[in-house]
Structures are given as C-alpha cells and as structure tokens.
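>>> just need the structure, nothing else, for what follows:
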Amino acid sequence: LVLGMDDSVLNLALPSIAEDFQATITQMQWAINAYLLATAALLLLMGALGDRFGRKRLFFIGTILFALGSLAAALSTSMGMLIACRAVMGLGCAVIWPQTLSIIRATFDDPKECASAIGVWAGVTALAYGLGPIIGGVLLAHFAWTSVFVLNIPLSIIGLAGGYFLVQESMNTDAIKLDPMGAVLSGAALFSLVYGIIEAGRLSWTESSVIIWLAVGVILLVLFVIWELRSDHPMLPMRFFKNMSFTGATVPMAMAALASGALLFFLSQYFQSVQGYGPLRTAFLLLPGAGMSFVTASAAPYLANAIGTKYTVSLGLFLGGLGLFLMSLLTTGTQWYALVGAFLVQGAGYGLAFSPASASIMGSLPVKRAGIGSAMDNTVQQIGYVLGVAGLGAALNTIYRDRVSDLQALASLPQEASEAIRDSIQAAHIVAGDLPFDISQQIVQGSNEAFTSGVERALIIGASVMLAATLFSLLVLPSKIRPSDE
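Numbering: from 1, shown residues only. As a prediction, this is how the structure comes out:
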C-alpha cells in the first residue's frame, strides 16, 4: 500500500517539483528511474536474502530504509539530492517487495487460496494507486510538494507495527548461495541501457555517446545471461522459463509495465501543465481507472477459475491496450470527461491481467523458492517500468524538443531562455510569464501542443506493445497453472 501510494503521488507532484527546481524532462525521468533502477537491480538479490535470513526480518529492514529515504527526500535542496534520495527509497522498495508475495506463498498452501490471497494483494496495490493521487492532491493543494514524502513516514510506522503483530517469520533453511556477480552484471546492464535511452531523448539516437551506452548495456546483459546459465547458484534461474506458466505470464506483464508504467508520468503533467488543472482535480480524474483496477483485480481470480488463466490475462492485456489507444486521441483542448471512459477501460484491463498473471508465476515455482519467485515477478515488471519511463519518455522528449524548436518566437529570445523552453513544458511556461503577451502566448500554446504530440506518440507506442503482449499471452500462457516439479 505504501509503495503504490508513493509511486502515484510522486508523479502528481512532479510539475510542482519541476517548477521549484527548474527541472528538465530528463531530470524528472531520473527522479522516477533512480527509484525504479535501484529496485529492479536489487529485487532478485533481496528475494534470495529473504529466503535465507527471514522474510519478516527483511520486510522490517526495507521499511525502515524506505522511511529514512523519504525523510531525506523531503529535506532535498536540489534535484540532484532528490534523485539520490529516490535511489535510497528504491533500495528500501527492493527489500520490501519480494517479501510480500513470498510471505503469501509460504502462508497459503492451497493453490486456490493462494490465488485468492494474491488477488487481494493485487487489489490493495491497485487501491493504493487510486488513493495515492487523492491524498497527494489534498496535500499538494494545501502544503508544499515535500509533504508527499513526509506522508510515507507515518505509513511506514503503521506497516512496521502491522508486520510485527500480524506476520509470522518464514525462511528457507536450504536456501542457495547468493549471486553477487549476477547482481552486479544485471544492475550495470540496466543502468547502461536506461541511461542510453534517456540520453537519446535529450540528444539523438545516432549520438555516439548514446550508441556506446546502449552497446555496453547489451554486452553486459549478454554476459549476465551467460553467467546465470553457467552458475551453480544463479540469481535468475533460467530453468524457470521452461515452465510456460512462468514465461507466459512474466513476459506479457513486463511488456504491460513498459507500455503503461509511464502513464502517470505523462498524464499528471498533461492535466496540470497543459490543461491547467490543480493537483487535487488531477487526482480525481485519475481515480476512476485505479478504482476499476481494484474491482477487476479482486474479481480476476474467480474469472480465471471459470475461463482459464490464459484468456483472463489476454483479455486484460487487450483492454489495457485499447484504453491506451483511446487516450492517444487527446488534444490540447480535450475535455476531462472524454478521457474517463479510456481510464476505466485501461484500469479494468490492468486489474484483470495483473492478479492471475502473478498467481501463475508464483504457482509455477516451488514454495522454497517463493522469495526469489516473488522477486522475479516484481523484477520483470520493474524493468518494464524503467524501460517504459525511459523509452516512452524519450519518445515524448524527442517530439517535444523537435516541435518546440520550430517555434518562430524562439529566434528572438536569448539562448539560455530558448534552451529552458526546450528542456520542459514547465520551464517554457515560466519563461513565457516574463515575456510580452503576444510572444508569451505563442510559447505557451506551442509548448502545450508539442508536449501533447509527444504524449500521443508515447501512448500509441504503448498500445502497440500491449497488443503484442496480448498475442504472446494467447500463444504461450497455459489455461491452467502448471506447478513446479521441484
């Protein structure tokens, strides 16, 4: 609940943070991706640590780290400091996330009970994404953006208290050795790829430095796979992918995360910076989709029992893609009520797919590997989120910079002001506020149209990825979960 709320609240606060620190689109991407990178790079390692040393113990450590990172983020005095604090929060998230599903898997032996419990877990996660913007909107309407980080502290304390009294310790006494080399290679590969993708949006895909970063990332990724195949104690056991209940759910959910992970990043800026809505109104506009996700995630296990995991997940992915396509029809003048239907369709689809896909992943693995299994489930989605924010953000940034650079009004401005306008829509509006009315209107309207064009392109790409995920699920994912032979 705390982690889901934090993610959605930060996206809502980004426009305010950008204005306060004069942040570029690239810096805002890093505020999201520093967290996601730290999480994705360490999830598998932390899942293994939970199996070995105790899941409840690791849950406590992660919650404390997350709370301390939140406190430091609230005290940030620069964008660089905020990005660093977000990385610490991501470390805490990496420790917490794999323990949640692994505790459920270790607690419920019956597959149907486990699937229902995971459905509740998925529903609460969806609810957090709905409550986050509302609570964040109220805070941002009355307090500074720092309040969204302060909020995490009392919530973390509640989580610690609940965990102490309600959660029993569990661990695997026969846990395998750790794989530090695998963790280093995977983390370095992810960082190189994401850095290269984000820089491509700021510079160009043909820039030599971008090509080098991407090439290094691919090489490290290949080395990681080779290492894992040869290791007798791999961090990411490749044999798990032989079970289609695992692969058929893992790959589509990673693709879904890539397609929709940047949605809040785009829409919170669109509503606040283009449409001029306040944080609270923006939060209420995003609520229907999150609410629908909660409903469908809770109902998905029952639908999966009736028609099978394959068709439930595939239907959810298709609806998610349809929702993204409908959103891509937006313009600078689109009224909020024209998008509500798209939010409901996308939210319903994500809720339908997420719960049974997670149940398929966890049900395909042995209980003794619950921690690493939970970590793998979360890792592939976090990688999807990272690449989504980086890749789709780069697509948005490229179009925004190209369209804004064509504005005739920029020719009469100092180079510093022109560069600020190219950096972000928030900076463009700030610069426009100090200019004569005619030029100001040209810059505001031009930057709004440029940003909206970028959002349109990113959403169309996301919808295409969701369609590919739907087809993969239909072709690969079994209708019934195939348990592990181990």
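
>>> verify the stated contact: Ala13 with Gly136.
Yes - shown here, Ala13 and Gly136 form a contact pair, counting by CB atoms under 8 Å, at 6.4 Å. Placement of C-beta: from N, CA and C, glycine included.

>>> overlap of the contact sets of those two?
148, 279 (CB atoms under 8 Å, 6 or more residues apart in numbering).

>>> show the backbone phi and psi for Leu339.
In terms of degrees, to the nearest 10, the main-chain angles of Leu339 are phi -100, psi -10.

>>> flag the shaky bits of the chain, pLDDT-wise.
Low-confidence segments of the chain (pLDDT under 70): 1-8, 101-102, 105-133, 170-176, 201-202, 366-378, 408-411, 483-486.

>>> hey, where'd the strands end up in it?
Applying DSSP state E to the chain gives no strands.

>>> in it, where's the longest helix?
Counting by DSSP state H, the longest helix found in the chain is helix 437-476.

>>> other SSEs contacting that one?
Under the contact definition 3 or more CB pairs under 8 Å, 6 or more residues apart in numbering; DSSP states H and E, helix 437-476 sits against helix 244-260, helix 263-269, helix 309-327, helix 370-405, helix 425-432.

>>> what do you get if the cut-off is 6 Å, keeping everything else the same?
For helix 437-476, the elements it packs on are helix 244-260, helix 309-327, helix 370-405, helix 425-432, judged by 3 or more CB pairs under 6 Å, 6 or more residues apart in numbering; DSSP states H and E.

>>> next, the angle helix 244-260 makes with the third one.
Helix 370-405 and helix 244-260 meet at an angle of 30 degrees, taking axes from the mean of the first three to the mean of the last three CA atoms, to 10 degrees as the criterion.

>>> what separates helix 370-405 from the chain centre, distance-wise?
Centroid separation between helix 370-405 and its chain, computed with CA atoms, centre = their mean, to the nearest Å, is 7 Å.

>>> ok, now the shortest one?
Taking CA atoms, centre = their mean, one finds the center of helix 425-432 at 27 Å from the center of the full chain.

>>> can you offset everything so residue one is 11?
Sure, I'll start numbering at 11, so the last one becomes helix 435-442.

>>> any residues touching it, and which ones?
Contacts with helix 435-442, where a contact means CB atoms under 6 Å, 6 or more residues apart in numbering, come from 25, 28-29, 283, 427, 430-431, 450, 453-454, 457, 461.

>>> using PDB, list the CA coordinates for that helix.
Extracted in PDB, the C-alpha atoms of helix 435-442 (Å, rounded to 0.1, in the frame of the first residue of the first chain):
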ATOM      1  CA  ILE A 435       6.900  22.400 -20.700                       C
ATOM      2  CA  GLN A 436       7.100  23.700 -17.100                       C
ATOM      3  CA  ALA A 437      10.200  25.700 -17.900                       C
ATOM      4  CA  ALA A 438       8.600  27.000 -21.100                       C
ATOM      5  CA  HIS A 439       5.600  28.400 -19.100                       C
ATOM      6  CA  ILE A 440       7.900  30.000 -16.600                       C
ATOM      7  CA  VAL A 441       9.900  31.700 -19.300                       C
ATOM      8  CA  ALA A 442       6.700  32.800 -21.100                       C
END
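
>>> report the angle between that helix and helix 380-415.
Interaxial angle, helix 435-442 versus helix 380-415 (the same axes, to 10 degrees): 30 degrees.

>>> any idea how far Ser308 is from the residue nearest to Thr306 when sequence neighbours are not counted?
Spatially, and ignoring its direct neighbours in sequence, Thr306 is nearest to Gly361 (3.3 Å; CB to CB, 6 or more residues apart in numbering). Per CB to CB, to the nearest Å, Gly361 is found 8 Å from Ser308.

>>> next, Pro424: phi, psi?
When read as degrees, to the nearest 10, the backbone of Pro424 gives phi -60, psi 150.

>>> likewise for Ile491?
Per degrees, to the nearest 10, the backbone of Ile491 is at phi -70, psi 130.

>>> what about the residue lying closest to it once chain neighbours are set aside, how many neighbours?
Nearest non-adjacent residue to Ile491, counting by CB to CB, 6+ apart: Gly373, 4.1 Å away. Applying other CB atoms under 10 Å, we find 24 residues neighbouring Gly373.
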